[in-house]
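Undergrad: Need a 3D model of the sequence below.
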Amino acid sequence: MKTLSGCDSTITLNLRVIDPSLHAGSCEEITITDAVCQNEMYNDFGFTLPKQTAAGTFKYKRILQSQSACDSLVQLNLTVHKVYDKLVKLEIKDGNPVVIDGNLYSEPETVIKSDKSIFGCDSLTTYMIVREGDESSNGKGEWSDCDPIVPDKWFSPNGDTVNDLWQIENIECYNYQIEIYDRYGKRLRLWTNNFEGWDGIYNGNPVISDDYWYIIDLKGINQKAFVGHFNLRR
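TA: Numbers count the residues shown, from 1 in each chain. Below you'll find the predicted structure:
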């Protein structure tokens, strides 16, 4: 080669050629089996996956390069274990309190407990404690002149004015009490007939992207209560 001044120069290039047959172990297809809980993200073995909202077993593939510069096809068989959301109705009979985890409850109230499944996933159980003969439930029937309430399934409080608030359609027609809990059973907010939507703020700070649970108690209509959950996305 010639330099800028027109002088001849010699350049030595040391080129290493890898024979794939010498690295067969690192160039073949690799299968990995792993698991996460529902609503968790996955980041391992070179895979970065978003929050897994659906339960089941899913296959992901990608090409990874080994230390010897050989491409390997890696297949991830990812099992997503379901997170259960249960509603249990308990009755106070003949004045005898009900017992939940060793605690006595002698008055009607709602108790939310966080438990671990056999796979180590968080699951919530909502206990509706009522007096014997009380009609409280999470029924979905229509029992007034008001249209049925429709809680949002998700919202995204990121300031773009689109779905910035968690809302409940038709709630203004009722007398009500609304409670919001996190996945650990901690109550974050409470409203009584003054609900204008939730902006994802608790004690002045934004809460994290996650699932949250609500209890909507519609007063004066057979004491019906709705229990469910929704997703906050940031």
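Undergrad: Please count neighbours and contacts with C-alpha atoms only from this point.
TA: Noted.
Undergrad: Let me see the contact set for residue 188.
TA: Counting by Cα atoms under 8 Å, 6 or more residues apart in numbering, residue 188 touches 179-182, 202.
Undergrad: I'd like the residues you listed laid out as CSV, including distance to residue 125.
TA: Compiled in CSV, the contacts of residue 188 are given as follows (distance: Cα to Cα, whole Å):
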residue, distance to residue 125
179, 15
180, 14
181, 12
182, 12
202, 23
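Undergrad: Show the contacting residues for the residue nearest the centre of the chain.
TA: In the chain, the centroid-proximal residue (Cα atoms, centre = their mean) is residue 39; its distance is 3.6 Å. Going by Cα under 8 Å, 6+ apart, residue 39 touches 51-54, 210-211.
Undergrad: Surely residue 42 touches residue 34?
TA: No - counting by Cα atoms under 8 Å, residue 42 does not reach residue 34; the two are 9.7 Å apart.
Undergrad: Which residue of these two possesses the greater neighbour count?
TA: Per other Cα atoms under 10 Å, whichever of residue 42 and residue 34 has more neighbours is residue 42, with 17 against 13.
Undergrad: Report the separation between the more buried one and residue 131.
TA: Using Cα to Cα, to the nearest Å, residue 42 is found at 44 Å from residue 131.
Undergrad: if we can go back for a sec, pull the most distant pair out of the contacts of residue 39.
TA: Largest separation among the contacts of residue 39 by Cα to Cα: 54 and 210, giving 14.2 Å.
Undergrad: Please name the bridge partners of residue 230.
TA: For residue 230, the beta-bridge partners under DSSP bridges are residue 212.
Undergrad: Tally up the residues packed near it, please.
TA: 16.
Undergrad: Quick one, grab the pLDDT at it.
TA: Listed pLDDT for residue 230 reads 94.
Undergrad: now swap in residue 142 and tell me
TA: So, for residue 142, pLDDT stands at 36.
Undergrad: 453 is where my numbering starts, stick with that
TA: Happy to do that; since the first residue is 453 now, the last one works out to residue 594.
Undergrad: returning to what we had before: so how do I select the buried members of the contacts of residue 640 in ChimeraX?
TA: A single ChimeraX command selects the buried members of the contacts of residue 640 (16 or more other Cα atoms under 10 Å):
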select :631,632,633,634
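Undergrad: And the contacts of stretch 608-616?
TA: Identification of contacts with stretch 608-616 by Cα under 8 Å, 6+ apart yields 607, 617, 651-652, 684-686.
Undergrad: Swap in 10 Å and give it another go.
TA: 604, 606-607, 617-618, 649-653, 658, 661, 683-686 (Cα atoms under 10 Å, 6 or more residues apart in numbering).
Undergrad: Give me the mean pLDDT for that stretch.
TA: Rounded mean pLDDT across stretch 608-616 is 89.
Undergrad: and after the helix or strand bottoming out on mean pLDDT in the chain, which helix or strand comes next?
TA: Across the helices and strands of the chain, mean pLDDT, DSSP states H and E gives its lowest value to helix 476-479, namely a mean of 51. Next in sequence after helix 476-479, counting helices and strands by DSSP states H and E, comes strand 482-489.
Undergrad: in that following strand, what's buried?
TA: Neighbour counts using 16+ other Cα under 10 Å place 487-489 of strand 482-489 among the buried residues.
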